[in-house]
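1. Predicted model and sequence follow; I will ask about them next.
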Amino acid sequence: MMNRRAFISLLGGAAAVWPFAARAQQAAMPLVGVLGSGSAQFKDALTAGLKESGYIDGHNLPIEYRWAEGAYNHLPAMAEELVKLRVDVLAVLGTTAAHVAKAASLKVSPPLPVVFGLGADPVAAGLVASLNRPGGNVTGLTSITNSLAPKRLELLSALVGADAVLAILVNPATGETERAGAEAAARAVGRTLEVFTGRDESEIVAAFAALKTRRVGALIIQSDTFYLGQMRWIAALSARQAIPAIGPLREFAAAGGLMTYAPSLADLVRQQGIYVGKILKGARPADLPVMQPTKFELTINLRAAKALGLQVPDKLLAIADEVIE
């Protein structure tokens, strides 16, 4: 039989492994905070991943959600609210939200675990030390969509030809890295890339009007978190203005946009939920490598191409993962 001294010693050793273990002994259920730069678009994917880990929202895992809806200036206050609620893990969507959450997590001792889902390179963004060994209290999943600019540019050029004016639409609050990557890709093939910006719906409408005036022949849409929540609306806008565009989410092509080349972001967020579940069970963020998607899918909307007067080359159709007719 274990004596009292040995039992107390065992408890102390378990708490040293990871702070959550000690808190779990004091609370009936853990609490997760979700902070998103955009909308609740991927909420179901996140909760699906948690369910795979044995945690069901509203059953054995209360979740506090905070969605900025593109108002990035609201994120710091939202993060502070979640920290004050003494959540056990912060799950964040978007690069800006990840930076804000990391800063807030370090204001308490021990630091709160943070699990991100984003499109930027988390090492270059200063969120983790490396992909394989993130270190500290932050880890997660990234699609590193900035690296997709050359491929998206190549796909667009195959459709619109060498003389078309190329452009990229970015959120000036988050798009610097993706813009720079796209410009470098354009220069590498002897093309120039015009930059148009929009941080909210009114600015995006104005940007599309300017795109039409400038006679832009092809548009890359940034993988901004706010944009991801507005994909169907942006697709309708591009169709209305008759601007060939490639989007960062399959829903863009499904809603009438020309095409997309991207990983499955829903699956990425599902995996994020699984990571949160692992941490709730005692895993340390420092020991969980940052995960990346291994497959990227090309979706082409033939109806949109026909409406734009574009002939999709057979070689593009042959490599497409999905063709919408």
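-> Sure, I can see it. Numbers count the residues shown, from 1 in each chain.
2. Low-confidence ranges, the stretch 101-250 of the chain, go.
-> Residue ranges of the stretch 101-250 of the chain with pLDDT under 70: 145-146.
3. Tell me how many other residues crowd residue 128.
-> Around residue 128 there are 26 other residues, counting by other C-beta atoms under 10 Å. C-beta here means a position set from N, CA and C on the backbone, and glycine is covered the same way.
4. Number the residues from 37 up from this point.
-> With the count now opening at 37, the last piece we talked about shows up as residue 164.
5. OK, contacts around the closest residue in space to it that isn't next to it in sequence?
-> For residue 164, ignoring the flanking residues on the chain, the nearest one in space by C-beta to C-beta, 6 or more residues apart in numbering is residue 170 at 3.7 Å. By C-beta atoms under 8 Å, 6 or more residues apart in numbering, the contact list for residue 170 reads 158, 164, 321-322, 324-326.
6. which residues touch residue 175?
-> Listed by C-beta under 8 Å, 6+ apart, the contact partners of residue 175 are 150-152, 164, 311, 321-322, 324-326.
7. Could you identify the buried members of the residues you listed?
-> The neighbour count (16 or more other C-beta atoms under 10 Å) marks 150-152, 164, 311, 321-322, 324, 326 as buried among the contacts of residue 175.
8. Now intersect these with the helices, please.
-> residue 311 (DSSP state H).
9. Output the buried ones among the contacts of residue 175 as JSON lines; include the columns distance to residue 352.
-> JSON lines is the format used below for those (distance: C-beta to C-beta, whole Å):
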{"residue": "150", "distance to residue 352": "40"}
{"residue": "151", "distance to residue 352": "37"}
{"residue": "152", "distance to residue 352": "33"}
{"residue": "164", "distance to residue 352": "36"}
{"residue": "311", "distance to residue 352": "35"}
{"residue": "321", "distance to residue 352": "41"}
{"residue": "322", "distance to residue 352": "43"}
{"residue": "324", "distance to residue 352": "38"}
{"residue": "326", "distance to residue 352": "32"}
